[in-house]
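Novice: output the structure for:
(chains A and B)
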Amino acid sequence: MFTNAGTSSFTTFLSRVAPEMLPGRRPLPPGMAADLAPHATTIVAIAAAEGVVMAGDRRATMGNLIAQRDIEKVHPADAYSLVGIAGTAGIGIELMRLFQVELEHYEKIEGAMLSLDGKANRLASMIRGNLGAAMQGLAVVPLFAGFDLAAADPARAGRIFSFDVTGGPYEETGYDAIGSGSLFAKSALKKRFRAGLSVEDATRLAVEALYDAADDDTATGGPDLTRRIYPVVMTATAEGTYRLTDAETATIAEGVVAGRMENPGG
Amino acid sequence: MAMQFYASPEQIMRDRSELARKGIARGRSAVVLSYSGGVLFVAENLSSALHKVSEIYDRIGFAAVGRYNEFENLRRAGVRMADLNGLSYDRRDVTGRALANAFAQTLGAIFTEQSKPFEVEICVAEVGATAAEDELYRLTYDGSVNDEPGRMAMGGQAEAITGVLKSNHRPDMSLGEAAKVAVQALSSVGGEGGAARTIAANQLEVAVLDRQRVGRTFRRITGAALTALLDGKAAPPASDLPDTPSVPTGEAGKPTSSAGSADLEDRPGQADS
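Specialist: Residues are numbered from 1 along each chain as shown, chains lettered A, B, ... in the order given. Model (predicted):
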């Protein structure tokens, strides 16, 4: 089964040899399953002058309970792109791992990386495959952002793609957010986003937006100063992807909280 | 009714071996050796697009000589198997030994069952924490597998090349020294009247599995970096991939969960020795 000349796509290969490993290929019993598993919440992404910034809060919820305080929802998809997940956490993490392998696999088989649009389309088709489960309440909606190595204008190399449960993808201009707190995060970003932000400013803005989301949405967690749990912030620039260290995010988050001590509205 | 000529099994196997050996001996050679910073692959290859050396997984590389379509088929199979196992279990559970076994089974089955054996010889190399822990597996056309002691040569006149490697190679060499030994070994054969010759940098395909990295350790050394390395000047482990996507790593020893790689050093992309 491995030696068939076949395809460069890992998911296509899986659908032939091990379809049970694809989240969308499992038979589900009828009925709603929405309250069965933890839900991951808010992710924001902001295009900056040198690339793109993505940040996610750390909370996963199950109904009125906090299922996990320190879940990580923002991950590198490959060397130049980031993926954040909202929705059913288990399926989201599985989908994200599968997407990472998909990109790496293509790169190894073909000896070249997929284009950024190619990556977004690939992710869209994987989301589409999960539509049946989504209709039973196990929806996963990712946010995808990356540095486009083929961009003509370096200032526009940071690009953001959003998706819906039927696939997508939709390219977003400037910023976007997904998850339960996205309404509030986007409202905050709408007023504060400016084109051509530096990565540092965009990082701070992302943490501010997550604070605003946590302020009004119970399913989004704010910076947890007592347990020292801060949002996950990652950047994708010409140098590749980078995850801010805990110390770096702590400094930013503490700055944001200190600002809100004086002006709770930000 | 036509009668089929009888050929003894010994004769059939001998004929197939001879066919495979001849095919392999016609091609240009490749060497693989451990050095202090990892595992070095050097292959003589006129094409810069059709690779003889490539990445299989985080710490596993692949080198082959012989017919391109045949070893490319095996390489793809290896990448698929590694990615499937890495996804089902964990990235640390993908090992060179398992891959070498799978290749051996495939090659062995093809040798006995099909009318024409694969005319290939391949090396599966896994970089370890120290040079002593590096694993080099040699797989031949008939599916036999050998664990090589830190260095190996494949292809035409492999024995002569191995002889030169054996007398010059030490596992504690730097990258620059190791590259020099590899090129010296490759160029020791094939000249006028069996004499040594010189091989230009653009006829060499060079890659390393970098011991210091976590995540994906495979890096190609091409262009100016390769020329500098062979001239014995600065020896940066540069690559054709834009350098070093840094990826979060909980601790240095733990492989990353992602498709990137990160240096153990603070500053990504810095030269090592």
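Novice: where is the longest helix in the chain?
Specialist: Chain wasn't specified; assuming chain A. Secondary structure of chain A per DSSP state H: the longest helix is helix A:89-110.
Novice: correction: the question concerned chain B.
Specialist: Ranked by number of residues, the top helix in chain B under DSSP H is helix B:68-88.
Novice: show residues contacting stretch B:70-81.
Specialist: Stretch B:70-81 has contacts (Cβ atoms under 8 Å, 6 or more residues apart in numbering or on different chains) with A:2-3, A:5-6, A:10, A:13, A:105, A:108-109, B:52, B:54, B:56-57, B:62, B:64-65, B:99, B:102-103, B:106-107, B:118-120, B:122, B:124. From N, CA and C alone the C-beta is placed, and that goes for glycine too.
Novice: same thing but at 7 Å, please
Specialist: The contact list for stretch B:70-81, computed with Cβ atoms under 7 Å, 6 or more residues apart in numbering or on different chains, reads A:2-3, A:5, A:13, A:105, A:108-109, B:54, B:56, B:62, B:64, B:99, B:102-103, B:106, B:118-120, B:122.
Novice: so how far is it off the chain centroid?
Specialist: 13 Å (Cα atoms, centre = their mean, to the nearest Å).
Novice: one more: stretch A:256-266?
Specialist: On Cα atoms, centre = their mean, the centre of stretch A:256-266 falls 26 Å from that of its chain.
Novice: now for the longest helix of chain A, which elements pack on it?
Specialist: helix A:10-17, strand A:39-40, strand A:74-78, strand A:81-88, helix A:116-128, strand A:140-147, helix B:68-88 (3 or more Cβ pairs under 7 Å, 6 or more residues apart in numbering or on different chains; DSSP states H and E).
Novice: spell out which parts of chain A neighbour chain B.
Specialist: Contact residues (Cβ under 7 Å from any Cβ of the partner chain) of chain A with chain B: A:2-3, A:5, A:10, A:13, A:75-76, A:78-80, A:97-98, A:100-101, A:103-105, A:108-109, A:111, A:240-243.
Novice: if we can go back for a sec, got the buried residues for the longest helix of chain B?
Specialist: B:68, B:70-87 (16 or more other Cβ atoms under 10 Å in any protein chain shown).
Novice: same check on stretch B:153-163?
Specialist: In terms of neighbour count (16+ other Cβ under 10 Å), stretch B:153-163 has its buried residues at B:Ala153, B:Met154, B:Gly155, B:Gly156, B:Gln157, B:Ala158, B:Ala160, B:Ile161, B:Thr162.
Novice: also stretch B:109-125?
Specialist: If you call a residue buried by 16+ other Cβ under 10 Å, then stretch B:109-125 has these buried ones: B:Ile110, B:Phe111, B:Pro117, B:Phe118, B:Glu119, B:Val120, B:Glu121, B:Ile122, B:Cys123, B:Val124, B:Ala125.
Novice: now, which of those residues lie within helices?
Specialist: Short answer: those in helices (DSSP H) are B:Ile110, B:Phe111.
Novice: can you narrow the buried residues of stretch B:109-125 to ones near chain A?
Specialist: Within those, nothing lies near chain A by Cβ under 7 Å from any Cβ.
Novice: ok, so of the buried residues of stretch B:109-125, who is nearest chain A?
Specialist: B:Ile110 (9.2 Å; Cβ to the nearest Cβ).
Novice: OK, contacts around that closest one?
Specialist: So B:Ile110 contacts B:Pro117, B:Phe118 (Cβ under 7 Å, 6+ apart).
Novice: redo that, cut-off 8 Å
Specialist: Contacts for B:Ile110 (Cβ under 8 Å, 6+ apart) come out as B:Pro117, B:Phe118, B:Gly143.
Novice: and if you look at A:Asp212?
Specialist: For A:Asp212, the contacting residues are A:Phe184, A:Ala185, A:Ser187, A:Ala188, A:Gly266, by Cβ under 8 Å, 6+ apart.
Novice: swap in B:Asp142?
Specialist: Going by Cβ under 8 Å, 6+ apart, B:Asp142 touches B:Arg16, B:Ser17, B:Ala20, B:Leu107, B:Gly108, B:Phe111, B:Pro117.
Novice: in a markdown table, list these along with secondary structure.
Specialist: Below are the contacts of B:Asp142 laid out as a markdown table (DSSP: H, G, I helix; E, B strand; the rest coil):
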| residue | secondary structure |
| --- | --- |
| B:Arg16 | helix |
| B:Ser17 | helix |
| B:Ala20 | helix |
| B:Leu107 | helix |
| B:Gly108 | helix |
| B:Phe111 | helix |
| B:Pro117 | coil |
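Novice: are any of these buried, and which?
Specialist: Buried members of the contacts of B:Asp142, scored by 16+ other Cβ under 10 Å, are B:Arg16, B:Ala20, B:Leu107, B:Gly108, B:Phe111, B:Pro117.
Novice: would you agree the second one is in contact with B:Gly143?
Specialist: No: because the distance of 11.0 Å does not satisfy Cβ atoms under 8 Å, B:Ala20 is recorded as not touching B:Gly143.
Novice: anything in contact with each of these two?
Specialist: With Cβ under 8 Å, 6+ apart as the test, B:Ala20 and B:Gly143 both reach B:Phe111.
Novice: by neighbour count, which of the contacts of A:Asp212 wins?
Specialist: Counting neighbours by other Cβ atoms under 10 Å in any protein chain shown, A:Ala185 comes out on top of the contacts of A:Asp212 with 31 neighbours.
Novice: how about the CA coordinates for stretch B:175-190, as CSV?
Specialist: What follows is stretch B:175-190 as a C-alpha-only set of coordinates in CSV (Å, rounded to 0.1, in the frame of the first residue of the first chain):
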residue,chain,number,x,y,z
LEU,B,175,31.7,18.9,9.2
GLY,B,176,34.4,20.5,7.1
GLU,B,177,36.8,17.6,7.7
ALA,B,178,34.1,15.0,7.1
ALA,B,179,33.1,16.7,3.8
LYS,B,180,36.7,16.6,2.7
VAL,B,181,37.1,12.9,3.5
ALA,B,182,33.9,12.1,1.6
VAL,B,183,34.8,14.0,-1.5
GLN,B,184,38.3,12.6,-1.4
ALA,B,185,36.9,9.1,-1.2
LEU,B,186,34.4,9.7,-4.1
SER,B,187,37.1,11.2,-6.3
SER,B,188,39.7,8.5,-5.6
VAL,B,189,38.2,6.3,-8.3
GLY,B,190,37.1,6.9,-11.9
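Novice: hmm, who's touching that stretch?
Specialist: By Cβ under 8 Å, 6+ apart, stretch B:175-190 touches B:29, B:31, B:33, B:35-38, B:40, B:42, B:44, B:153, B:156-157, B:160-162, B:164-165, B:168-169, B:173, B:196-199, B:204, B:206, B:208, B:229-230, B:232, B:235, B:237, B:272-273.
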